[in-house]
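>>> here's my sequence, what's the structure:
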Amino acid sequence: MKENIPTTIEKGVEPLSKLKALKEKVRELNDRYKSEIQREEKAILYSQLEKTRKEYEKLEEELDSRPKMSEQETKFAKLKALKIKIKELDDRWKSEMQKEDKAALWNQLEKAKKEYLALEEELDKASGKKEEKEKTSDTSEDKTKKIEEKEGIVLIFIDLLEKAKGGDEEAVKILIEFVTTHKIEITIKSESTPEEKKAGEILIVLLEKLRSGDITVIDQLIQIVNVNINIITIIEITPPVQPPRPPTPPRTPEPVPQTLESRQSLDELRDSYLKAKRLRGNVFRGKFGRLFRRKLSFGTEEMDFGGKKGAEDLEEVREEYQKKLAEYRAGELATLQASLEARFLAGTVTPAQIKAEIQGKIVNLLSEEQNNIDTQSVRGIEKNLFEKMKTKWRQFGKTRLVAGLLLGGAAAATGGTAIGVGLVGVRAGMGAVGTYVGVEAGLERYSKLVGHKGLINKIGKAGHFITEESLYRHILTLSDEDVKKEAARLRMLQVEKGVSIDNISNDGRIALAILRRDNELAAEETVNTASLDPAARLADRLSNRLAIEVNSRNEVIESEVDRERIKKMLRKTTAVLAGGAVGWLIGGKLFHKPEVDVPSPHAPPLAPSHVIGGEPITPSHIPHIVTPGENTWKIIEANLDSRNTMAGLIEGTRTHMIDALKDMFDKMSPEELKHIGFSSGDADLLYVGDSLNMSDVLDNPGIITRALFNASNISPEQIASIVKNNTKIAHWLAEHRHELKGVFDSAMIEKVLRGTI
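Alright, predicted model coming up:
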């Protein structure tokens, strides 16, 4: 507060302040006198006490004879006294050694500080100088004054750093609690220097390390705080209430390198969990399922997953699997964190880019585990013969459904009069089994799907999406709830039916896009809420928060498994009736035909599925938040470098590529630019805090693909041809871009399409 106290008030304030100080000194000397043991020291203290007491009484008498101060003068006097009290408490707190005394003094200091700030604000309002103070330029005199006003909390922070540096364990604990419960930052203004801005960014990283218990950064913190003391602000914050945590993996002290043995353990637990879900979803589970050897050996137990105990067993298997999975992910995230911290301190990455890379890593971890589950599901989870047959048949779709029905017909066709009764029974069994397996597999794959019904069909009918990115943009228009429900249903079908995600229905590419979006939502939720546990290091916070998301996801999938079991009962009943009918018809010799050699039906081989745009999924559609010093050219360059798009290109080629993309934004209208986040409507004029969504350009396969969307005279056949060519070009560039020695122009494109390079 800028104190311009009138002279008349000053005359009243100084004696009163002196009186207060003398009174405090009398009390302090009296306390010391009582505590002293040596006679000589007592005598000295007694004389000092008497002298001070006389000064106090004389001054008190003098003040009593003067006119009383006004209310305003009294408040200013009280403000002075509070400032003295804060200084005294601060000095005493620094000198105390006992933990109990420190805690008591800390409370007194905080109380006096709050009282001081409240009175200061009240006097600001009364004197009408608050607005004037905000407009006052930061002259050297003003800066000195501001340091004095906020010296309480800032100096406390500095003192804590110094004591912690000296090895005071109690000070270290208080320091970590202080940085956890206070927002500490360097105030950045438009006139701030680049050094101040850089110091602010480094301060954020160092405080994050200190909150995680890394006290090796204290020296750097002391240096930054002392150099920038005039622009440091410290605000007390209330820590958020943490939500209850499910039994998810505990925090590991340090990341451990992932050995082959630990990875194998994760693979085994994953297989156990998938089998446990499958067994839990069986119509014949529990004691009846044991007759078909439908059980899981887990630890020392034999689990059949029937009844209430089965639900508890499934939860136990899930917890063990998630613990091991979280350990692996914590190690991966810790490695990324170390890399990001080093790059940030070197000034090669911004906070916004750090957030994007973290989210990208989490999406890749989720996709990696999804692929592992996909592989195991297709391989087949159960050892039961019928389940193996159905798993294979489900992967081939309608052709094998027809083949299954033909198997019943083929068995019937061999039922001539020359065959004995025993062979008739074999053919009847073969026909019944073939029909049962084929009908049930077909019903499972093509029946109405449980859960969030019909979403994939609706998307398929919404339009013909030429590229994966156009499909994905449509997925972005769906609500988060719809995406999560459909993703849970797809994951249930994947395990239940043993079908790869891209072959789980006739619209596999839509299913993949939905799962991609669901993974990105989980990554966003993880990053945005990872700060709920500020005492843990960043990698562990991310891993623990991700474990909560995965646990919630798995619980939803398990509930879908229970609902699918009810549907399965109906399908099995239908399949049994169909299989029994064929077997009965064959056994009853209702098909009387001459004995002929009928070749075994062979279904055509499964064509490999192709998905356009098979590159690793990255959440590049996440808006970029503009920070000080950035421009559009730099943002484009950073986006391309973060995905290694320009790796191996020479400087001139890099410039050409970035400039070409920049021109696309320059050609946009002000309305289009505002729509994607350029609040000025000008691609060359950015404001700090602008949220730019540049994915329509930076995620586009190329200028050719973008142009064809705006063309009205291109036929569907030409569009399909161009898209095919673009895919071929993209794949070539992915493998050979490091070999380029010049601009990738139309001449080179023609060579790629002809296959001459």
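
>>> distance of Glu169 relative to Arg517?
48 Å (CB to CB, to the nearest Å). (Glycine included, C-beta is placed from N, CA and C.)

>>> compare the two and say which is more crowded by neighbours.
Shown here are Glu169 and Arg517; by other CB atoms under 10 Å, Arg517 has more neighbours (22 against 9).

>>> residue contacts, the more buried one?
Listed by CB atoms under 8 Å, 6 or more residues apart in numbering, the contact partners of Arg517 are Tyr472, Ile475, Leu476, Leu478, Val483, Ala487.

>>> nearest to Asp682 among these?
Leu476 (26.3 Å; CB to CB).

>>> if we can go back for a sec, can you flag the buried ones in the contacts of Arg517?
Buried by 16 or more other CB atoms under 10 Å: Tyr472, Ile475, Val483, Ala487, out of the contacts of Arg517.

>>> check the gap between the second one and Asp518 for me.
Distance of Ile475 to Asp518, computed by CB to CB: 10 Å.

>>> overlap in contacts of the two?
Counting by CB under 8 Å, 6+ apart, the shared contacts of Ile475 and Asp518 are Val483.

>>> now the host helix or strand of Ser470: average pLDDT?
With secondary structure defined by DSSP states H and E, Ser470 is part of helix 468-476. Across helix 468-476, pLDDT averages out at 77.

>>> show me what it is packed up against.
helix 455-462, helix 508-529 (3 or more CB pairs under 8 Å, 6 or more residues apart in numbering; DSSP states H and E).

>>> what's the helix or strand following that helix packed up against?
For helix 468-476, the following helix or strand on the C-terminal side (DSSP H and E) is helix 480-497. Under the contact definition 3+ CB pairs under 8 Å, 6+ apart, helix 480-497 sits against helix 260-280, helix 351-379, helix 421-446, helix 455-462, helix 508-529, helix 538-587.

>>> where among those helices is the average confidence lowest?
When the helices and strands packed on helix 480-497 are ranked by mean pLDDT, helix 421-446 comes last with a mean of 43.

>>> ok so, going back, export the contacts of Arg517 as CSV, with columns for distance to Asn228.
Compiled in CSV, the contacts of Arg517 are given as follows (distance: CB to CB, whole Å):
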residue, distance to Asn228
Tyr472, 44
Ile475, 46
Leu476, 42
Leu478, 47
Val483, 45
Ala487, 47
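
>>> closest to Ser190 among the residues you listed?
Distance to Ser190, by CB to CB, is smallest for Leu476 among those, at 34.9 Å.

>>> Pro628 contacts Val688, correct?
Yes. Using CB atoms under 8 Å, Pro628 makes contact with Val688 at a distance of 5.5 Å.

>>> could you check how far Ile548 is from Thr526?
Relative to Thr526, Ile548 is positioned 8 Å away (CB to CB).

>>> doesn't Glu191 lie inside a strand?
No. Checked against DSSP: H, G, I helix; E, B strand; the rest coil, Glu191 lies outside a strand; its state is coil.

>>> now it: how far from Ile202?
Separation of Glu191 from Ile202 (CB to CB) stands at 20 Å.

>>> give me the more crowded residue out of these two.
Between Glu191 and Ile202, counted using other CB under 10 Å, the more crowded position is Ile202 (18 against 7).

>>> dump the residue contacts of the more buried one.
Ile202 neighbours (CB under 8 Å, 6+ apart): Gln220, Ile224, Leu345.

>>> quick one: the helix or strand where it lies to helix 351-379, angle?
Per DSSP H and E: Ile202 is located in helix 194-211. If you take axes from the mean of the first three to the mean of the last three CA atoms, to 10 degrees, helix 194-211 sits at 50 degrees to helix 351-379.

>>> tell me which other helices or strands the very next helix or strand once past helix 194-211 touches.
Note on helix 194-211: by DSSP H and E, the next helix or strand toward the C-terminus is helix 218-227. With contacts defined as 3+ CB pairs under 8 Å, 6+ apart, helix 218-227 has these neighbours: helix 151-165, helix 194-211.

>>> out of those helices, flag the one nearest Arg270.
When the helices and strands packed on helix 218-227 are compared by CB to CB, helix 194-211 sits nearest Arg270, at 32.5 Å.

>>> report the buried residues of that closest one.
In helix 194-211, the ones that count as buried by 16+ other CB under 10 Å are 196-197, 199-203, 205-211.

>>> of all the residues you listed, which comes closest to Gly681?
Out of those, the member with the shortest distance to Gly681 (by CB to CB) is Lys197, at 26.4 Å.

>>> the closest one and Glu630, how far apart?
In this view, Lys197 and Glu630 are 11 Å apart by CB to CB.

>>> that older thread, so for Ile548 and Thr526, which sits in the more crowded spot?
Thr526 (25 against 20).

>>> if I look at that one, how far off is Gly677?
From Thr526 across to Gly677, the span is 24 Å (CB to CB).

>>> relative to helix 218-227, how tilted is the helix holding Ile202?
140 degrees.

>>> let me know the average pLDDT across the host helix or strand of Glu320.
Under the criterion of DSSP H and E, Glu320 resides in helix 307-345. In this model, helix 307-345 has a mean pLDDT of 82.

>>> how about stretch 120-133?
For stretch 120-133, the mean pLDDT works out to 60.

>>> renumber starting at 18 from here on
Sounds good: first residue 18 from here, last item stretch 137-150.

>>> hang on, the earlier thing: of the contacts of Ile219 - the most surrounded one?
Ile241 (19 neighbours).

>>> so that residue touches Val222, yeah?
No. Between Ile241 and Val222 there is no contact under CB under 8 Å: 10.7 Å.

>>> Glu319 belongs to a helix, doesn't it?
No. Secondary structure of Glu319 (three-state DSSP): strand, not part of a helix.

>>> what about it, how many residues nearby?
So Glu319, with other CB under 10 Å, has 11 neighbours.

>>> beta partners for it?
Counting by DSSP bridges, Glu319 is bridged to Ser314.

>>> was I right to think it contacts Leu313?
Yes. The criterion here is CB under 8 Å, and Glu319 meets it with Leu313 at 7.5 Å.

>>> per-residue confidence at the residue nearest to Ile175 when sequence neighbours are not counted?
Closest residue to Ile175 apart from its sequence neighbours, by CB to CB, 6 or more residues apart in numbering: Val242 at 5.9 Å. We have a pLDDT of 83 for Val242.

>>> same question for Leu690.
So Leu690 comes in at 92 (pLDDT).

>>> run a quick neighbour tally on it.
Other residues lying near Leu690 total 20 when counted by other CB under 10 Å.

>>> ok, and what's touching the host helix or strand of it?
Assigned by DSSP H and E, Leu690 belongs to helix 687-692. With CB under 8 Å, 6+ apart as the contact definition, helix 687-692 has outside contacts at Phe682, Ser697, Gly698, Asp699, Ala700.
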